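Student: coordinates only, no sequence provided:
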């Protein structure tokens with residue numbers, strides 16, 4: 001009862017465009033975004049022959065990638081099968097642009113388009129948020145989730161500014177949280193990236209680094 005009214009439990013609820021469930025698995029959200037993105041691809045296929053490659057790329061970024069990227073920093077640590085659904089859609093978008101067959105190998109095409117695979121797009125979003133939190137470019141409640149290790153820790157590791165990562169033994173949801181995932185991936189970055197003091201330069205270097213990781 002809330003305010004004298006009976007409130008029934010539901011399996012999913014939508015908040016700020018994100019579908020949430022009790023396990024925070026985001027299955028419904030991912031399915032919805034894949035459905036919307038696939039519908040956009042279906043419509044673009046009808047007019048593809050009238051479009052240049054450049055205009056097709058612009059439309060794909062606007063109508064397809066926007067669905068794949070929306071709220072994707074919440075997907076950090078999700079099972080591979082969940083991320084694979086999004087990757088299949090991105091592959092379809094790449095095939096739409098280049099006109100290759102569904103049986104052709106997709107990795108060289110993603111490399112040619114200079115696209116980060118979905119998993120690395122998620123890491124990019126997560127790590128840029130960590131950077132902004134470290135440099136007081138986010139609301140206070142986000143910045144407070146990121147704790148820099150003490151000077152004694154930094155001196156012993158000699159690896160530059162590292163972050164404290166909470167240890168969660170039981171809850172997988174806690175392990176996937178920004179408080180845990182953010183420091184884990186941040187600490188794995190090269191010192192050159194972690195010590196960067198310009199946000200735009202950091203984003204450029206981070207994308208280059210993740211691109212090399214994805215296609216090495």
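Tutor: Happy to help now that I have it. Here the structure is a predicted model, which means the values were calculated and not measured. Numbering: from 1, shown residues only.

Student: and for residue 207, the neighbour number?
Tutor: 16 (other Cβ atoms under 10 Å). Bear in mind the C-beta positions are built from the backbone N, C-alpha and C, glycine included.

Student: now do the strands in this protein.
Tutor: Listed in chain order, the strands of the chain (DSSP state E) span 12-15, 18-21.

Student: mean confidence for the last one?
Tutor: When you say that, I think you mean strand 18-21. Mean per-residue pLDDT for strand 18-21: 85.

Student: same thing with stretch 109-125?
Tutor: 96.

Student: how about it: buried residues?
Tutor: For stretch 109-125, burial by neighbour count (16 or more other Cβ atoms under 10 Å) applies to 109-110, 115-125.

Student: chain center to it: distance?
Tutor: How far stretch 109-125 lies from its chain's middle: 10 Å, per Cα atoms, centre = their mean, to the nearest Å.

Student: now do stretch 197-207
Tutor: On Cα atoms, centre = their mean, the centre of stretch 197-207 falls 16 Å from that of its chain.

Student: may I see the buried residues of it?
Tutor: 202, 205, 206, 207.

Student: what's near enough to touch the spatially most central residue of the chain?
Tutor: Per Cα atoms, centre = their mean, the C-alpha nearest to the average position across the chain is that of residue 122, at 1.8 Å. By Cβ atoms under 8 Å, 6 or more residues apart in numbering, the contact set of residue 122 is 72, 73, 75, 76, 83.

Student: out of the residues you listed, which comes closest to residue 30?
Tutor: Set against residue 30, the nearest of the contacts of residue 122 by Cβ to Cβ is residue 75 (7.7 Å).

Student: distance check, the closest residue to that closest one other than its chain neighbours against residue 176.
Tutor: Of all residues not flanking residue 75 in the chain, residue 122 sits nearest, at 5.1 Å (Cβ to Cβ, 6 or more residues apart in numbering). Distance from residue 122 to residue 176, counting by Cβ to Cβ, to the nearest Å: 11 Å.

Student: farthest pair within the buried residues of stretch 197-207?
Tutor: Among these, 202 and 207 lie farthest apart (Cβ to Cβ), at 9.7 Å.

Student: and the residue nearest to residue 101 when sequence neighbours are not counted, how many neighbours?
Tutor: Counting by Cβ to Cβ, 6+ apart, residue 101 lies nearest to residue 95, which is 7.7 Å off, once chain neighbours are set aside. Neighbourhood size, residue 95 [other Cβ under 10 Å]: 17.

Student: kindly report the same for residue 55.
Tutor: 11.

Student: try residue 98
Tutor: Residue 98 has 16 nearby residues by other Cβ under 10 Å.

Student: pretty sure it sits against residue 110.
Tutor: No: with contacts counted by Cβ atoms under 8 Å, residue 98 stays clear of residue 110, the gap being 10.0 Å.

Student: all good on my end, thank you.
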